[in-house]
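> Sequence first, then the predicted structure:
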Amino acid sequence: MKLQFAIDTLTTEHALALAAAAAPHVDILELGTPLIKSEGLSAVTAIKNAHPDKIVFADLKTMDAGELEAEIAFAAGADLVTVLGTAGDSTIVGAVKAATKHGKGVVVDLIGVADKPARAKEVVALGAEFVEMHAGLDEQAEEGFTFETLLRDGEASGVPFSVAGGVNASSIGAVQSSGARIAVAGSAIYSASDVGAAAALLRDAIVV
């Protein structure tokens, strides 16, 4: 299982510092949506230039103009981009077309999708590389939310998936046991006083 670091900050400078500290211990560097909205796709280029050996994930959360948005992100250096699972099939197909052109990949983020296993099957059939079983910050704060729901949905989907939303040192073992291809950690790393040590702790918790 790979480890993805979701860098949720608002400046390229801070993102570069976080990435430098965590990079020895993670496989994928994700530029969060707020960072891309704040700094633009130049942040993607900066991270890719600094870490050409890492998979760079641009969390665009595209809802429309899939081919166009994916095209500009791939041109900026992204290896993976996200399209929302609530988007129309044509939007996902458009993003996949751009990915095929560049030899890159599309990840479909299932945040806000009611029946995640069913939609997961549909979007992988459209060409998505994998899906993200994702609970956003707002959803995590809602009454009744449980992290286990994401794991059950991933297992039930029968397709390659990642898990994002509450991954930490105590939960990453369950993520791996669920069969996830990737565990996505954000605040468990970037909120730590020692970012490198926090990333290393998560890496060490993954059974090889």
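Yep, it's here.
> Mean pLDDT per element in this protein, and the minimum belongs to which helix or strand?
helix 137-140 (a mean of 84; mean pLDDT, DSSP states H and E).
> In terms of secondary structure, what does it contact?
Helices and strands touching helix 137-140, by 3 or more Cβ pairs under 8 Å, 6 or more residues apart in numbering; DSSP states H and E: there are none. Backbone N, C-alpha and C define where each C-beta goes, glycine included.
> Report the buried residues of the helix or strand just after that helix.
Next helix or strand after helix 137-140 toward the C-terminus (DSSP states H and E): helix 147-157. Buried residues in helix 147-157, counting neighbours by 16 or more other Cβ atoms under 10 Å, are found at Phe147, Leu150, Leu151, Asp153, Gly154, Ser157.
> Roughly how far does the first one sit from Glu155?
Put plainly, it is Phe147. 13 Å (Cβ to Cβ, to the nearest Å).
> pLDDT weak spots in this protein?
Along the chain, the model assigns pLDDT under 70 to no residue.
> And stretch 59-68, end to end?
Criterion Cα to Cα, to the nearest Å; first-to-last residue distance in stretch 59-68 is 15 Å.
> what ranges do the strands span in this structure?
Assigned by DSSP state E, the chain shows strands spanning 2-7, 28-31, 55-62, 80-84, 105-109, 130-134, 161-164, 182-185.
> Mind listing the strands the fifth one pairs with, and their directions?
Using DSSP bridges, strand 105-109 pairs in its sheet with strand 80-84 (parallel), strand 130-134 (parallel).
> same check, this time on the last one
Its sheet considered, strand 182-185 pairs with strand 2-7 (parallel), strand 161-164 (parallel) by DSSP bridges.
> Around Val207, how many other residues sit close by?
Neighbouring residues of Val207 were enumerated by other Cβ atoms under 10 Å; the total is 9.
> How about the contacts made by it?
Gly173, Gln176 (Cβ atoms under 8 Å, 6 or more residues apart in numbering).
> try Ala78
Listed by Cβ under 8 Å, 6+ apart, the contact partners of Ala78 are Leu41, Val44, Lys48, Val56, Phe57, Ala58, Lys104.
> beta partners of the fifth one?
In this case it means Phe57. Taking DSSP bridges, one finds Glu30, Leu80 as the beta-bridge partners of Phe57.
> biggest helix in this structure by residues?
When every helix of the chain is counted residue by residue (DSSP state H), the longest turns out to be helix 89-102.
> Name the residues of it that come out as buried.
Thr91, Ile92, Val93, Gly94, Ala95, Val96, Ala98, Ala99.
> so how far is Thr86 from the fifth one?
Read that as Ala95. Ala95 sits 14 Å away from Thr86, taking Cβ to Cβ as the criterion.
> swap in the last one?
Here Ala99 is placed at a distance of 19 Å from Thr86 (Cβ to Cβ).
> Now do the nearest residue to Ala87 once chain neighbours are set aside: how many residues are near it, please.
Computed as Cβ to Cβ, 6 or more residues apart in numbering, the closest residue to Ala87 that is not its neighbour in sequence is Met63, at 5.0 Å. Applying other Cβ under 10 Å, we find 13 other residues in the vicinity of Met63.
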